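Enquirer: Okay, sequence plus prediction incoming.
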Amino acid sequence: MTLTPPTGVIIGERIAMARNDAGLSQGQLAMDLGVDRTAVAKMESGARKVSASELVRLATALDRPIDWFVTESPPAVVSRREDRSASGESRLLDRRVEGLARDVDFLRIAGVLRHLEVRHLSMPQTFDEAEAAAAQAREWIGVQHGPLLDLQKYCEALGLLGFSLDLGAGGGDAAYVDAGGWGVALVNGAVDPGRRRFNLAHELGHHLFADAYAPEVTICVGAEPERMINAFAAHFLMPRLGVQETWDTQAGLRLAVLSVAVRFRTSWSAVCSQLRNLGIIQEADRATLVDDPPTAADFIELGERWVSELDAPSVPPDYGRHILAAYRNGKLTSARTAELLWGTVREEELPARSEIPLEGLRRELDPLP
């Protein structure tokens, strides 16, 4: 990660940005820091130096890592921050995706994550092209028609590191940035499990189509590129042949729809829309079904249980495995390892470090395949 010269003006600009994002006045921040309001004003203007202890308190008060105040953000994060169409409704979403991108940038430079040769697809111009793009992505991961269980694993194989964090009810849906070849996607773990999977598949579309900025996800509504990416996500999660085969196993409209939703782990509204798009049900049926979501009794009658994915916090499987390997081999401190795992593991839960033969050490620290 490139260091920005830690001048007072640069640090001051970051303090002002973080304070505004947090919705604090200079006076309120001054109270948190135990200084006068004029001291905060001078920090932000660069007229007053910021001590190390004050920087620690600023990081705590403004919910930012210390290095955020003195280092460059990854270029894609800067572009996202400057692009109004990508800001969405949640500043917390933007802050968290920046933190994740910084982590990936750090790990890539440290050699824990290798530089990735990403395979891109052309942005589809029609719904048929979106379906073909989804089929190509499935061919790359070796799954033609079946459900993609453990979606994080498949996205990771396509170069997208998908994270889930609890951003709350007002935290938006999802966001994506490019991080030196790897894509970084953050989905809000507070939303419905089926919706989380659709959101991650949508961000995969942004990654594969090299479309870096992701406004809020809305199924089949919005600008044409967003509609195409939504169509890609639907076909990626629910391919035509797999859906039809599942549909044919059930007698009765409602149970057939529920069977598709459970097998492919998608939200009720998304599966209803996809069944309509595939011509399996009519628009009147879709509208009726969307207004009458499934109940516990429906799942009992079907004899199936919903298996939740992307529960927050959640990190990509190989990403987590390689971070722990780097920790065990002395490349990461315990505190930094816990930070990089984003609450999935507490520092006291980390495994004991152990001596590993040289050949084993080389295998453990091989970058992500």
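Expert: In hand now; what should we look at? These figures come from a predicted structure and were not determined experimentally.
Enquirer: any low-confidence regions in the stretch 251-369 of the chain?
Expert: Per-residue confidence for the stretch 251-369 of the chain (pLDDT under 70) gives these ranges: 354-369.
Enquirer: Quick one: the helices in it, in order.
Expert: Using DSSP state H, counting those that start in this stretch, the helices of the stretch 251-369 of the chain run over 253-264, 268-277, 283-290, 296-302, 317-328, 334-340, 358-364.
Enquirer: Looks like residue 137 contacts residue 235 (just checking).
Expert: No. Counting by CB atoms under 8 Å, residue 137 does not reach residue 235; the two are 9.2 Å apart. (C-beta placed from N, C-alpha, C; glycine too.)
Enquirer: Among the helices of the stretch 251-369 of the chain, which comes closest to residue 48?
Expert: Closest approach to residue 48 among the helices of the stretch 251-369 of the chain (CB to CB): helix 334-340, 29.2 Å.
Enquirer: Any buried residues in that closest one, and which?
Expert: By neighbour count on 16 or more other CB atoms under 10 Å, the buried set for helix 334-340 is 336, 337, 338, 339, 340.
Enquirer: quick check: angle from the helix ranked longest in the chain to helix 317-328?
Expert: Secondary structure of the chain per DSSP state H: the longest helix is helix 91-110. With axes from the mean of the first three to the mean of the last three CA atoms, to 10 degrees defining the directions, helix 91-110 sits at 60 degrees from helix 317-328.
Enquirer: need the next SSE after helix 91-110, C-terminal direction.
Expert: Once the chain leaves helix 91-110, the next helix or strand it forms, by DSSP states H and E, is helix 127-141.
Enquirer: Flag every buried residue along that next one.
Expert: By neighbour count on 16+ other CB under 10 Å, the buried set for helix 127-141 is 127, 129, 130, 131, 133, 134, 135, 137, 138.
Enquirer: Nearest to residue 155 among those?
Expert: Nearest to residue 155 among these: residue 137, at 9.8 Å, using CB to CB.
Enquirer: Show the contacting residues for the closest one.
Expert: 121, 158, 204, 208, 232, 236 (CB atoms under 8 Å, 6 or more residues apart in numbering).
Enquirer: now swap in residue 332 and tell me
Expert: The contact partners of residue 332, by CB under 8 Å, 6+ apart, come to 112, 323, 326, 340.
Enquirer: Pick out whichever of these sits closest to residue 10.
Expert: Comparing those against residue 10 with CB to CB places residue 340 closest, at 25.3 Å.
Enquirer: Need the nearest residue in space to residue 155, chain neighbours excluded.
Expert: Closest residue in space to residue 155, ignoring its immediate chain neighbours: residue 162 at 4.7 Å, by CB to CB, 6 or more residues apart in numbering.
Enquirer: Shouldn't the one you found be within a strand?
Expert: Yes. Membership of residue 162 in a strand is supported by DSSP: H, G, I helix; E, B strand; the rest coil.
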